[in-house]
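# below is the sequence, then the predicted model.
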Amino acid sequence: MYFDEALTVFNAHVVPAPRAVVNGTIQIAGETIAIEDGHGYHDHNWGNAGIEGVLKAWHWGRAECGDFTLNFSYIFHDADYGNKVVCKFMLAKDSEILLSTGEFEDSFVGEIHVGPQSGNGWPDGFLIEAPYNGDMIRIEISGNHLLSDALNSDQQPDDETARPGYIRLGGNIRVTVPLAGGTEVATGNIIHEMSFSESIPKAEANWLL
């Protein structure tokens with residue numbers, strides 16, 4: 001994503017391992033835990049454009065539902081860049097990529113809740129839809145619960161204003177895919193995130209979508 005006409009100011013993102021086998025160890029409080037044949041994911045971001053002043057917010061997530069692997073991001077740019085939305089969506093079954101696109105819709109479902117640290121809003125669920133095979137892939141995320149809510153800066157939250165922050169959510173996911181041989185449905189769990197790089201009134205907690 002370039003932010004100048006000379007194509008010198010940019011942010012970039014790549015997913016070299018959307019669904020990987022992981023082996024290794026994790027150390028927690030002096031205890032070593034061995035991981036064998038675990039499930040893993042790796043992406044990488046780089047560039048020279050700072051998030052603040054360029055990006056306003058995003059919703060990102062990935063999930064493994066049976067044979068399906070999902071990776072998506074829905075990125076809002078700030079007013080200097082026309083409030084443009086840039087979408088990235090990949091759905092695979094086994095080792096076959098079914099759809100890789102920049103065209104999908106991401107919408108809030110249910111009530112809006114406010115994170116206790118940043119004051120930013122998050123909904124009960126999301127509905128993601130992408131055109132596919134003459135129909136729509138439907139990604140239904142429900143039962144969102146807050147895993148973490150952190151500030152992106154040294155600003156302190158107050159009673160009126162949400163601060164730049166990072167919200168991580170856990171939830172349930174249902175994937176409906178209209179394949180040529182018939183529609184398939186898979187369910188599972190998802191960890192996904194919302195990030196906000198601007199201070200906004202808490203009354204606008206549902207401003208993202």
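Alright, I've got the coordinates. Fair warning: this is a prediction, and the values are worked out from it, not measured in the lab.
# just list the residues touching the residue of the chain most remote from its centre, thanks.
Largest separation from the mean C-alpha position in the chain: Gly30, at 31.7 Å (CA atoms, centre = their mean). Not one residue lies near Gly30 by CB atoms under 8 Å, 6 or more residues apart in numbering. All C-beta atoms are positioned from the backbone trio N, CA, C, and that covers glycine.
# quick check, pLDDT for it.
pLDDT for Gly30: 95.
# phi first, then psi, for it.
phi 90, psi -10 (degrees, to the nearest 10).
# one more: Ala79?
Dihedral angles for Ala79 - degrees, to the nearest 10 - are phi -60, psi -30.
# what does the model give it for pLDDT?
Per-residue pLDDT puts Ala79 at 81.
# counting neighbours, what do you get for it?
For Ala79, the neighbour count with other CB atoms under 10 Å is 9.
# ok, now Arg163?
When neighbours are defined as other CB under 10 Å, Arg163 has 22 of them.
# show me what Leu91 is bridged to.
Leu70, Leu99 (DSSP bridges).
# is it true that it touches Pro178?
No. Counting by CB atoms under 8 Å, Leu91 does not reach Pro178; the two are 11.6 Å apart.
# looking at these two, which has the bigger crowd around it?
Per other CB under 10 Å, whichever of Leu91 and Pro178 has more neighbours is Leu91, with 23 against 14.
# which residues touch the closest residue in space to Asn48 that isn't next to it in sequence?
Leaving out its chain neighbours, the residue that sits closest to Asn48 by CB to CB, 6 or more residues apart in numbering is Val9, at 6.1 Å. Val9 sits next to 2-3, 48-49 when contact means CB under 8 Å, 6+ apart.
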